[in-house]
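Enquirer: Show me how the following folds:
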Amino acid sequence: MSIWKKAISLDILNDSSKNTLIEHLKIEYSEIGGDSISAVMPVAHFTHQPLGMLHGGASVVLAETLGSVAANFSVSNEYYCVGLDINANHIRAMRHGVVTGKAQPIHIGATTQVWQINIVDERERLVCTSRLTIAVMKHKRANNVN
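Expert: Sure, this is the predicted structure:
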């Protein structure tokens with residue numbers, strides 16, 4: 001059973017990345033499951049820190065991107081979601097290749113959500129694990145002025 005409350009596809013997700021940090025880091029959505037979204041990100045000079053390894057901040061961008069997008073597609077159109085808190089544990093260094101992040105919900109509530117995002121290398125070894133807490137907000141109605 002799917003948790004998605006809005007139309008979702010890889011084309012929709014990847015098109016939403018144009019002219020953003022997501023596009024700059026070459027993050028591409030790669031899979032949509034019934035309760036998960038995955039994306040890949042290259043480990044290259046533009047995602048490196050000065051020692052030539054994957055920058056922890058790039059991993060956090062991937063994690064927050066996946067969790068935030070997943071949260072927003074799991075609520076109806078009268079709501080939107082914003083990040084409240086993110087933490088990340090950087091487990092394994094990488095110098096080149098591709099990482100894959102996968103966001104899955106831990107809690108989907110009326111006012112908050114919590115998402116677990118694991119980032120792995122090509123051999124499925126854990127590179128980073130992250131937890132994102134989301135606030136669920138209701139869109140304000142425009143005032144009717146006569």
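Enquirer: How about Val99: which residues does it bridge to?
Expert: Counting by DSSP bridges, Val99 forms beta bridges with Met41.
Enquirer: you'd agree it is up against Asp121?
Expert: Yes - contact status for Val99 versus Asp121: in contact at 6.0 Å, counting by Cβ atoms under 8 Å. Every C-beta, even on glycine, is put in place using the N, C-alpha and C of the backbone.
Enquirer: More neighbours: those two, which one.
Expert: Higher neighbour count among Val99 and Asp121: Val99, with 23 against 16, using other Cβ atoms under 10 Å.
Enquirer: contacting residues around that one?
Expert: Neighbouring residues of Val99 by Cβ atoms under 8 Å, 6 or more residues apart in numbering: 40-41, 43, 54, 59, 62, 119-121, 127-128.
Enquirer: Check whether Lys5 really touches Ser76, as I assumed.
Expert: Yes - Lys5 lies in contact with Ser76 (Cβ under 8 Å); the separation is 4.9 Å.
Enquirer: Mind checking which of these two has more residues around it?
Expert: Neighbour comparison, Lys5 and Ser76: the larger count goes to Lys5, with 13 against 8 (by other Cβ under 10 Å).
Enquirer: Now name the helix or strand holding the spatially most central residue of the chain.
Expert: Most central in the chain under Cα atoms, centre = their mean is Leu66, positioned 1.1 Å from the mean C-alpha point. Mapping Leu66 onto the secondary structure by DSSP states H and E places it in helix 56-73.
Enquirer: where exactly do the strands run in this protein?
Expert: If you assign secondary structure with DSSP state E, the strands in the chain sit at 28-32, 37-43, 79-90, 97-108, 112-120, 126-138.
Enquirer: Out of these, which is closest to Asn72?
Expert: For Asn72, the closest of the strands of the chain is strand 79-90, at 4.9 Å, according to Cβ to Cβ.
Enquirer: Need the mean per-residue confidence for the helix holding Leu66.
Expert: Rounded to a whole number, the mean pLDDT of helix 56-73 is 98.
Enquirer: then it to PDB, C-alphas only?
Expert: Taking C-alpha atoms only, helix 56-73 is exported to PDB below (Å, rounded to 0.1, in the frame of the first residue of the first chain):
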ATOM      1  CA  GLY A  56      29.400  15.300   5.100                       C
ATOM      2  CA  GLY A  57      27.300  18.300   4.100                       C
ATOM      3  CA  ALA A  58      26.700  16.800   0.700                       C
ATOM      4  CA  SER A  59      25.400  13.600   2.400                       C
ATOM      5  CA  VAL A  60      23.100  15.800   4.600                       C
ATOM      6  CA  VAL A  61      21.800  17.600   1.500                       C
ATOM      7  CA  LEU A  62      20.900  14.200  -0.100                       C
ATOM      8  CA  ALA A  63      19.300  13.100   3.200                       C
ATOM      9  CA  GLU A  64      17.200  16.300   3.700                       C
ATOM     10  CA  THR A  65      16.200  16.300   0.000                       C
ATOM     11  CA  LEU A  66      14.900  12.800   0.200                       C
ATOM     12  CA  GLY A  67      13.100  13.200   3.500                       C
ATOM     13  CA  SER A  68      11.600  16.500   2.700                       C
ATOM     14  CA  VAL A  69      10.300  15.500  -0.700                       C
ATOM     15  CA  ALA A  70       8.900  12.200   0.700                       C
ATOM     16  CA  ALA A  71       7.200  14.100   3.500                       C
ATOM     17  CA  ASN A  72       5.600  16.600   1.100                       C
ATOM     18  CA  PHE A  73       4.300  13.800  -1.200                       C
END
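Enquirer: Kind regards, and thank you for your time.
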